[in-house]
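S.K.: no sequence on hand, only this structure:
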């Protein structure tokens, strides 16, 4: 920049002033002083014109001259307006030699122009504004500031940032550091573009010309601004005010909060024996099944990471709390069979309420427990959903689950239909993983008024599942209805029928869980499900500590250290205090479960549902309606998704002050829950004994087509994954992964809401 005195102009008109200005500008250009289209033009009271040369290609203004010369140009302009000369002591520029350059300076204008949208001005409210200053940084504010409303009718400049240093490269580094620390949210800015310029080698070498931007395409490659801190702050604020997703009321802060202490690591030396995980990976599922079958001690599956918190805490356990203790769990459960950590309700609850990616959870747990068999619960043709899905969806889901980390797939169908599980069994076998096929247990083996579910029924199912390719057989007692003495009978009957390993899963709602496991162990069961002591009992699984104590004098006692296990229990006890608002509300064991037969995993969800619709005081009536609906449906096996149908109908009846008998009377039309309509249409399968035709006609109407004879999935066309990817690409700006596409196939509405949440709040799983 140069300041040049051009010509005297005493007593001239405005018209003449403009003419002289044009002439003077032409002269200045001719002599090479001005090479740009913009100059500042001043007239002092001493009747002299002054031109200040400006090069707008780099948007350099008088600030840069001030930084490298120490001359306050704005103040000088006022002095000139007062009638002082450039040579006066207050200005101090007697000639050009008096203007000396010291160091280098660069100025950047921070504007609300979006470089990714052809620098179009952006509008909106500045929700966050934080600038960064320090030695060598000068800020000249425009309209910046939190809360500022940006309209289309304004100068787009928020602030000018000028950096000074001893040389050009250092000034660029200093400016870059300042811009990097800026936080401007709510509107787009040109900061990413400016950062690309001042970091570019051509700019740093001082070789920029007017074609630099046009020919340098990488200047327009911008990293995505995630704005994590501000977005997660908004998420926390929203949760504090409105409660977490899926909760209709404000949750009270727990009265007791304990800080969880992660058990210390205690790596073990080489044991000389291969772990179950190592055996599966090296020799395959058949070899693993044979090893389980020939083992003398009973094996343990720990359910703390899945069914325990699903049954006690409405499935709300976060990945964060699991990951912290996962390595210590692997160390202390070295002699266990597996850790159940995935599937069931945990899949959709992660997306729907926790706003976490369950696939990410599985991958992280796989990494944290590399030498442990990870187990999941798979609902056959329902996958991890509540309806039948096309075969290609189920197959792709199984493939991805196996690739991500699942070793043991506990496959079941709510009606024990083999036809609804064949696809899953086949795909698990093709993946080289363990197909553990489940027989869902219900009723009472000795109750002659319930003829559907006797020992012959369970023997028949065991033979069917073995023939279909099961590596292991599971007894899935989802409500804890298997009484201790009957457990021994059932295990022995299945053992006489098939030679597969038998794995028993039950719940402790009645308080008989340990006795049931003990009786089954004495009858020869191979694996049983337990939970850490502080996450056991009631609607959860029996306590692992208690079972070990009961087996203390038995040759089937597992080689597990109760002191080490207590460390895990202490951790979970503290963690559980943070989830107190989600507790099921069951304070003590109750044998009433043998009457209402509500599954443990449903109990902790059904009661909050009752609270949400104002039926908390009618909980006893809901339990009674649950029993009534079960028998009205024909005495069905109650496990997801059939249990949800029974629960939905029971709540609806209580809310409308009806019984099933009331509904059957007259010809009034009722708007029953959608899940009940789907049930009678065969959307989740066909129950043992078929549908009760009178109630089916009452729900669907007398002209309803005949009931199906096989699962609906048999008639569903293949799912269009390509169309799903197109839709997902429109919903978010991230990569459409295979896991996201499969998740969308299972839960389109939930995934859409999940992506919208992530876009607004970011990753709140942290």
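M.R.: In hand now; what should we look at? Keep in mind that this is a model prediction, so the values were computed, not measured.
S.K.: how close does residue 691 sit to residue 704?
M.R.: 10 Å (C-beta to C-beta, to the nearest Å). From N, CA and C alone the C-beta is placed, and that goes for glycine too.
S.K.: which neighbours do those two share?
M.R.: residue 680 (C-beta atoms under 8 Å, 6 or more residues apart in numbering).
S.K.: those two: which is more packed in?
M.R.: residue 691 (22 against 14; other C-beta atoms under 10 Å).
S.K.: right, and the more buried one touches residue 634 too?
M.R.: Yes. Using C-beta atoms under 8 Å, residue 691 makes contact with residue 634 at a distance of 6.8 Å.
S.K.: pretty sure residue 356 is touching residue 319, no?
M.R.: Yes. Counting by C-beta under 8 Å, residue 356 touches residue 319, with 5.6 Å between them.
S.K.: poorly predicted segments of this protein, please.
M.R.: 1-14, 16-62, 143-144, 154, 249, 268-272, 733 (pLDDT under 70).
S.K.: need the residue closest to the centroid of it.
M.R.: The centroid of the chain falls nearest to residue 356 when counting by C-alpha atoms, centre = their mean (1.5 Å).
S.K.: now that residue, what's its secondary structure?
M.R.: What DSSP: H, G, I helix; E, B strand; the rest coil gives for residue 356 is coil.
S.K.: tell me where the stretch 301-450 of the chain has strands.
M.R.: 338-343, 374-378, 408-411, 434-440 (DSSP state E, counting those that start in this stretch).
S.K.: so which of these is nearest residue 282?
M.R.: Set against residue 282 and scored by C-beta to C-beta, the strands of the stretch 301-450 of the chain come closest in strand 434-440, at 14.0 Å.
S.K.: buried residues in the closest one?
M.R.: 434-440 (16 or more other C-beta atoms under 10 Å).
S.K.: of those residues, closest to residue 726?
M.R.: Of the buried residues of strand 434-440, the one sitting nearest to residue 726 (C-beta to C-beta) turns out to be residue 435, at 34.0 Å.
S.K.: gap between that closest one and residue 180?
M.R.: Distance from residue 435 to residue 180, by C-beta to C-beta: 53 Å.
S.K.: and if you look at residue 594?
M.R.: Distance from residue 594 to residue 180, by C-beta to C-beta: 65 Å.
S.K.: of the two, who's got more company?
M.R.: Taking other C-beta under 10 Å, residue 594 and residue 180 do not tie; residue 594 has more neighbours (16 against 10).
S.K.: name the helices or strands packed onto the strand or helix carrying that one?
M.R.: For residue 594, the element it lies in under DSSP states H and E is helix 593-596. Helix 593-596 sits against helix 619-632, with contacts defined as 3 or more C-beta pairs under 8 Å, 6 or more residues apart in numbering; DSSP states H and E.
S.K.: to the chain's geometric centre, what's the distance from the helix it packs on?
M.R.: Here helix 619-632 is found 35 Å from its chain centre; the criterion is C-alpha atoms, centre = their mean, to the nearest Å.
S.K.: list the buried residues in that helix.
M.R.: 622-630, 632.
S.K.: then stretch 296-303?
M.R.: Those would be 297-303, for stretch 296-303 by 16+ other C-beta under 10 Å.
S.K.: residue 533: which of these is nearest?
M.R.: Using C-beta to C-beta, the buried residues of stretch 296-303 come closest to residue 533 at residue 302, 11.5 Å.
S.K.: identify the bridge partners of the residue nearest to the closest one when sequence neighbours are not counted.
M.R.: Distance criterion C-beta to C-beta, 6 or more residues apart in numbering; nearest residue to residue 302, sequence neighbours excluded, is residue 339 at 5.0 Å. Residue 339 has these beta-bridge partners by DSSP bridges: residue 302, residue 374.
S.K.: residue contacts, residue 339?
M.R.: 301-302, 304-305, 329-330, 333, 369, 372-375.
S.K.: how about residue 505?
M.R.: Contacts of residue 505 (C-beta under 8 Å, 6+ apart): 301, 303, 307, 410, 438, 474-478, 528-529, 541.
S.K.: could you redo the last one with a cut-off of 7 Å?
M.R.: 474-477, 529 (C-beta atoms under 7 Å, 6 or more residues apart in numbering).
S.K.: so it bridges to which residues?
M.R.: In beta-bridge terms (that is, DSSP bridges), residue 505 pairs with residue 476.
S.K.: ok, residue 236 - how many residues close by?
M.R.: Neighbours of residue 236 (other C-beta under 10 Å): 12.
S.K.: based on its surroundings, how many neighbours for the closest residue to residue 260 other than its chain neighbours?
M.R.: Nearest non-adjacent residue to residue 260, counting by C-beta to C-beta, 6+ apart: residue 574, 4.0 Å away. Using other C-beta under 10 Å, residue 574 is surrounded by 18 other residues.
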